[in-house]
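Undergrad: here's my sequence, what's the structure:
(chains A, B, C and D)
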Protein chains: 4
Amino acid sequence: MHGYTENKDAYLKRMRRIEGQVRGIARMIDDDKYCIDILTQVSAATKALQSVALGLLEEHMSGCVVDAARAGGDEADAKVKEAADAIARLVRS
Amino acid sequence: MHGYTENKDAYLKRMRRIEGQVRGIARMIDDDKYCIDILTQVSAATKALQSVALGLLEEHMSGCVVDAARAGGDEADAKVKEAADAIARLVRS
Amino acid sequence: MHGYTENKDAYLKRMRRIEGQVRGIARMIDDDKYCIDILTQVSAATKALQSVALGLLEEHMSGCVVDAARAGGDEADAKVKEAADAIARLVRS
Amino acid sequence: MHGYTENKDAYLKRMRRIEGQVRGIARMIDDDKYCIDILTQVSAATKALQSVALGLLEEHMSGCVVDAARAGGDEADAKVKEAADAIARLVRS
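TA: Alright, predicted model coming up:
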């Protein structure tokens, strides 16, 4: 059980849509479409991926991080550090 | 013929790899993997997409933009504006 | 008292350095420096700002969010939502 | 003379405004303001900096890159490569 588990179906649906976007970009390249139109689709797919990441992150915080904090002990610090590193990777990607 | 045409096979290969990454992320969600590990893969896929975008953009500039500039006339300005808008979408995604 | 309070001096020092970077960029523009060199400095200042943001965010989570979770009640959910919104603004900026 | 020269005053004005934003953030930290409110201002300053970068870049392309292309020779390729590297730094910052 993770923070995202109860929205699993919605996430899987979003990932399938992103997979379709990525396949569509490959097809545009294969069909010699105009570069700028391809870039527009790449930006859209990137945004969709980041939006999934932001959702997973929020559920991770309200699930794992809050649970660890409530359980007491040092676990919460480790969870926060881990989440902060994930956010940094996201901001820099 | 576009700037990217001569590297088409390499781009198609990269897009297939990204499609595999996206499918892998869906599988991780379906298998209830740990949120942070999923986020790491989402960041990697995002970076791979942005790297494709940067490549397409460079080839667009050395192809379409430079060609339009050499052809003279107003076309180059329109091409630069269009590329600048694509860059802005990329930076903000 | 906030998460960042005990590192306040370090943050103020970093902000002064960023202020110096921003002033340096203005001076480069005023001195007609080469565009690409200015862009390199703008990227460096942007990265420094984002790094401050990531630090504040981590301290916010280990401070305010964890404290709210330990205090029990609904407050933790509101704090997580607020942090998630701040992360989204950061990722999209 | 660079692409941005004729808009120099506007850029200097924008940089002074960003300098004010950065100083305002330092003041918020010094005054122990709430972390999330500080993060909102950091995101705003980051966006303002990136917007300056996008403007400089567009002017660089319609100035230096297009001029180099029109002058013929290999110079245009070097200019495009340089601009592409600057865009990559911007996208990844």
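
Undergrad: how long is stretch A:65-80 from one end to the other?
TA: Terminal residues of stretch A:65-80 are spaced 7 Å apart (CA to CA, to the nearest Å).

Undergrad: tell me if it is near chain B.
TA: No: against chain B, stretch A:65-80 shows no contacts by CB under 8 Å from any CB of the partner chain, the least distance being 8.9 Å. C-beta here means a position set from N, CA and C on the backbone, and glycine is covered the same way.

Undergrad: what lies in contact with that stretch?
TA: A:64, A:83, C:58, C:61-62, C:65-66, C:69-70, C:72, C:76-77, C:80 (CB atoms under 8 Å, 6 or more residues apart in numbering or on different chains).

Undergrad: again, only using 7 Å
TA: A:64, A:83, C:58, C:61-62, C:65-66, C:69-70, C:76, C:80 (CB atoms under 7 Å, 6 or more residues apart in numbering or on different chains).

Undergrad: pull out the buried residues from that stretch.
TA: Under the neighbour-count criterion of 16 or more other CB atoms under 10 Å in any protein chain shown, stretch A:65-80 has A:65-66, A:68-69, A:76, A:79-80 buried.

Undergrad: take the contacts of stretch A:65-80 and keep only those in strands.
TA: Counting by DSSP state E, no part of the contacts of stretch A:65-80 is found in strands.

Undergrad: and the residue sitting furthest away from the middle of chain A, which of the three is it?
TA: Distance from the centre of chain A peaks at A:Asp32, with 29.5 Å (CA atoms, centre = their mean). The local conformation at A:Asp32, judged by DSSP: H, G, I helix; E, B strand; the rest coil, is coil.

Undergrad: next: A:Ser93.
TA: With three-state DSSP as the basis, A:Ser93 sits in coil.

Undergrad: again, but for A:Gly73
TA: Following three-state DSSP, we place A:Gly73 in the coil state.

Undergrad: circling back: test my guess that the residue farthest from the centre of chain A contacts B:Thr5.
TA: Yes: judged on CB atoms under 7 Å, A:Asp32 makes contact with B:Thr5 at a distance of 6.3 Å.

Undergrad: separation between the residue of chain A found nearest chain D and chain B?
TA: Nearest to chain D, among the residues of chain A, is A:Arg92, at 6.4 Å (CB to the nearest CB). Here the criterion is CB to the nearest CB, to the nearest Å. By it, A:Arg92 lies 8 Å from chain B.

Undergrad: residues near that residue, how many?
TA: 15 (other CB atoms under 10 Å in any protein chain shown).

Undergrad: name the nearest residue to it, sequence neighbours excluded.
TA: Closest residue to A:Arg92 apart from its sequence neighbours, by CB to CB, 6 or more residues apart in numbering or on different chains: D:Arg92 at 6.4 Å.

Undergrad: retrieve the pLDDT associated with that neighbour.
TA: The confidence metric pLDDT takes the value 83 at D:Arg92.

Undergrad: with A:Glu6 instead?
TA: 87.

Undergrad: kindly report the same for A:Ala88.
TA: 95.

Undergrad: could you give the number of residues near it?
TA: 19.

Undergrad: my guess is A:Ile38 meets A:Asp31, correct?
TA: No: with contact defined as CB under 7 Å, A:Ile38 does not reach A:Asp31; the gap is 9.9 Å.

Undergrad: A:Asp30 and B:Leu12 touch, don't they?
TA: Yes: applying CB under 7 Å, one finds A:Asp30 in contact with B:Leu12, separated by 6.1 Å.

Undergrad: quick one: A:Glu58 and B:Leu39, what's the gap?
TA: Noted for A:Glu58: a distance of 11 Å to B:Leu39, by CB to CB, to the nearest Å.

Undergrad: who has more neighbours, these two?
TA: B:Leu39 (24 against 19).

Undergrad: list the buried residues for the helix or strand harbouring the more buried one?
TA: Counting by DSSP states H and E, the element that carries B:Leu39 is helix B:35-60. Under the neighbour-count criterion of 16+ other CB under 10 Å, helix B:35-60 has B:35-36, B:38-50, B:52-60 buried.

Undergrad: does chain C sit close to that helix?
TA: No: figure legend: helix B:35-60 not in contact with chain C (CB under 7 Å from any CB of the partner chain); closest approach 9.8 Å.

Undergrad: ok, now how distant is A:Ala26 from A:Thr46?
TA: 15 Å.

Undergrad: try A:Gly24
TA: Counting by CB to CB - A:Gly24 and A:Thr46 are separated by 14 Å.
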